[in-house]
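Student: Have a look; sequence and predicted model below, questions after that.
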Amino acid sequence: MTNEEFRAELLASAASRAEAWSCTSRDAFVGETLERLREAGEVPDAESCPETLVGQRGRKLEMDALAFDEADESLHLFIALLDGGPEMPPALTLSEAREQGFNRILAVFESARSGWLARSIEESRPLWGLARRVERNARPSRLRLHIVTDRPISERIREIPAGVADDETQVTYQIWDITRLKRIHEAYNARDDLVVDFSRMPSGGLEVLPAAVGDADYDAYLAAIPAETLADIFLRYGSRLLEGNVRTFLGRRGNVNKGMARTIQQQPERFFAYNNGIAATASEVTLSRTSDGRLLVTSATDLQIVNGAQTTASVAMVRRDGRMSLSRVFVPMKLSVVAPDICEEIIPLISRYANSQNTVRLSDFFANHPFHRKIEECSRRILAPAIGGSQIQTHWYYERARGQYLNDQAGLTSARRQQFQLANPRSQVVTKTDLAKVENCFAGLPDIACKGAEKSFTEFANTITAQWSNESQRTGYGDDWFRDAMARIILFRAAERLVSGASWYEGGYRAQIVAYTMARLARLAADVSKGGTLDFRRIWAAQAPGNMLERQILLIGEVMAAVLREPPQAGQNVTEWAKQQACRKRALETRVPLAAGFEQMTVTGHEMRSQEKQARTEGKIDRGLEAIREVMECGPSYWQSLSVFARQRQILTMADERALYPALNGSVPSDRQAETLVSLSRRCEDAGFAAEPLQSASV
């Protein structure tokens, strides 16, 4: 894909988002690019906050989004420089970037720190919450300013030196131009241009001891990294250093760990002995030898800390505060160098096993859960009903991994690509985080949905992981569940459009209003139907909420907007209020008007349980047939070898023995026997069985 083609795709995706959200092309472009950057681990979960105003002495203040990164206590501010035309625009120069971008968002921060901004704008504006928080809280560890643009940057821009704000906060600058965004898309699993330079250390590099053994498909090194060096790296790169799967539960929370601080202050030389150290990965390292034969790492590409983020963040905060010396503190470090072509397979496993000594939930590694594969399979197979006289049926495309939608079009001719997009419209692409947010809202957890994509996704993962372990619940995630879930997506996106155009909508906090509206709509349906739910099958069949449900959404939305804009404490940030259980409790208990005929769009509790029972039955049938197919494909010789291995290892149960009988004779097993054999095959593989393994049949 050329830069021009990638830019056209990015703008088309933004246009689709603008239509679905009923927002401006600029807001949609910001949302699209920041979502991609967040998925790639480049920036934290950002909150839309478009503002343009004139400050003191005619200073221009402008921004589009913001994010507080709890991992390193930095503040990210974003601004878009959007051309939007059909042709590739001219390159963005550094002077343009400063004048039209960085200077304006820096002015927002400095005006907030001085207190002028909170005094000069209305409390109902989302920017007021940022201004008050920036004014009242301690200065951030770093102010990270970002420009997102559909233009390329000038070749003269190699690196933008860090700066300092009025209050002495360190400031870094990033330009995410069309070339860089394309590079991130093409190398999603690697970090963009993250090369850590160790050559400036007094020793000329990080001294390491080789630790790889045999013909391993990776290199390994052990080191004692100076805490000052580790802290400086983290303060420069922030949470980009934290491997995506573990950031949410390894990130720094609250103050520096008291035990670590006490050791640093009282017994710094014992920190190495007391601390478990960090585990890190890299895709490449540069090595050199000293005159006396010591091995040094002089640089590391795509460095990621997969275990030990708490230690890293803690020493970084000590370094930033400057009250204690780190000169005698060293941190144990294990560095695994994994080639890019196998990093997608190995790095998640290193992350998982390195963290196995901690209390880590299975949901923390939910990105590879079979639930995703099941929903992906449903989305590729199930066709949505044709509507409005159209003769084309479409899919609701579930993007299990970022970039799948584009990758599925790679190499297609223009005609085939157009055909693919007709069958899979951009407006019907659903990401993992989209699904998690909507499901949390309809589960009555709008406060969780408002906490950002990562935290919302973790909560959803907890729920699915717990239910997936129960076979009767797992079988409920079939075709009907998928259709119902897509109906909830349809409702949610309709609510976004309706709220944006509502006469009572004052601007700002749309995401929070929509989340609470959906949760209250679900509660209202349960109350009206006496324990039932909305008739999602009808919504799926129509591929739209219908006029009556749209009226109900608007009625609820107006009430929810009032609840959100009236927190119990005067001056409380609406965004923070929306994340609290107290807000959820008040919202779900607040009476809302009932639109005429609403009860016709619900199903009773009895009907709902009947549908769920049928779905579980169908799910069991589908799963049993899949297991039978895989058992028969393996053939009697496979099962003969496996039975010998299992008897030698004494891992056969009586149920296994009975299930093996038809498989050894080439007969068709029952559903239950086939599932027992699939389980037996997994156990034998875990014990070292080397025959050709079964394909995954656990979904």
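Tutor: Perfect, I can see it now.

Student: and A107, what is it in contact with?
Tutor: 55, 59-62 (Cβ atoms under 8 Å, 6 or more residues apart in numbering). The C-beta positions use only the backbone N, C-alpha and C, and glycine is treated the same way.

Student: Off-centre distance for stretch 10-27?
Tutor: 20 Å (Cα atoms, centre = their mean, to the nearest Å).

Student: Just the buried residues of that stretch, please?
Tutor: Judged by neighbour count (16 or more other Cβ atoms under 10 Å), stretch 10-27 contains these buried residues: 10-11, 13-18, 20-23, 25-27.

Student: Narrow those to those in helices?
Tutor: Counting by DSSP state H, these place 10-11, 13-18, 20-21, 25-27 in helices.

Student: sorry, back to before: ok, so of the buried residues of stretch 10-27, who is nearest A339?
Tutor: L10 (29.3 Å; Cβ to Cβ).

Student: Provide a list of residues in contact with the closest one.
Tutor: With contact set as Cβ under 8 Å, 6+ apart, L10 has these partners: 29, 32-33, 150, 178, 181.

Student: What is the nearest of those to I305?
Tutor: Distances from I305 to the contacts of L10, taken by Cβ to Cβ, are shortest for L181, at 24.8 Å.

Student: picking up where we left off before, out of the buried residues of stretch 10-27, which two sit at the greatest distance?
Tutor: The farthest-apart pair in the buried residues of stretch 10-27, when distances are taken by Cβ to Cβ, is L10 and S22, at 20.0 Å.

Student: Could you chop the chain up by domain?
Tutor: Structural domains assigned to the chain are 3-186, 195-360, 370-603, 625-686, following automatic domain parsing.

Student: between those, which has the poorest average model confidence?
Tutor: For the domains of the chain, the weakest mean pLDDT is recorded on domain 195-360, namely a mean of 79.

Student: And it, how far out from the chain middle?
Tutor: 24 Å.

Student: go on, stretch 498-518?
Tutor: With Cα atoms, centre = their mean as the basis, stretch 498-518 stands 23 Å off its chain's centre.

Student: and the end-to-end length of that stretch?
Tutor: Distance between the two ends of stretch 498-518: 12 Å, counting by Cα to Cα, to the nearest Å.

Student: ditto for stretch 221-234
Tutor: Per Cα to Cα, the first residue of stretch 221-234 is 20 Å away from its last.

Student: Touching that stretch from outside, list them.
Tutor: Contacts to stretch 221-234, defined as Cβ under 8 Å, 6+ apart, come from residues 72, 196, 198, 201, 206-211, 241, 264, 271-272, 278, 285, 295, 297, 303, 312-313, 315-316, 318-320, 326-327, 329-335, 337.

Student: What of stretch 521-532?
Tutor: With contact meaning Cβ under 8 Å, 6+ apart, stretch 521-532 is reached by 441-444, 491, 533-534, 552-553, 556, 588, 592, 594, 598-599, 601-608.

Student: Quick one: buried ones out of the residues you listed?
Tutor: Buried among the contacts of stretch 521-532 (16+ other Cβ under 10 Å): 441-442, 444, 491, 533-534, 552-553, 556, 588, 592, 598, 601-603, 608.

Student: List just the nearest of these to Q391.
Tutor: Nearest member of these to Q391, counting by Cβ to Cβ, is L491, at 25.8 Å.

Student: Contacts only, for S456.
Tutor: S456 makes contact with 433, 436-437, 440, 448-449, according to Cβ under 8 Å, 6+ apart.

Student: let's see 10 Å
Tutor: Residues in contact with S456, defined by Cβ atoms under 10 Å, 6 or more residues apart in numbering, are 45, 433, 436-441, 445-450, 515.

Student: same question, I160
Tutor: 94, 97-98, 102, 145, 171-175.

Student: do you know how far it is from V43?
Tutor: 16 Å (Cβ to Cβ, to the nearest Å).

Student: just S299 next, same as before
Tutor: Counting by Cβ to Cβ, the separation of S299 from V43 is 23 Å.

Student: Who has more neighbours out of the two?
Tutor: V43 (26 against 18; other Cβ atoms under 10 Å).

Student: quick one: the more buried one and F68 touch, right?
Tutor: No - assessed by Cβ atoms under 10 Å, V43 is found out of contact with F68, at 11.6 Å.

Student: Quick check: neighbours shared by these two?
Tutor: H76.

Student: re the thing from before, just the buried ones among the contacts of I160, please.
Tutor: 94, 97, 102, 145, 171-175.

Student: Nearest to Q640, out of those: which one, please.
Tutor: For the buried ones among the contacts of I160, the minimum distance to Q640 (Cβ to Cβ) is 59.8 Å, reached by Q174.

Student: ok but that closest one is inside a strand, no?
Tutor: Yes - under DSSP: H, G, I helix; E, B strand; the rest coil, Q174 sits within a strand.
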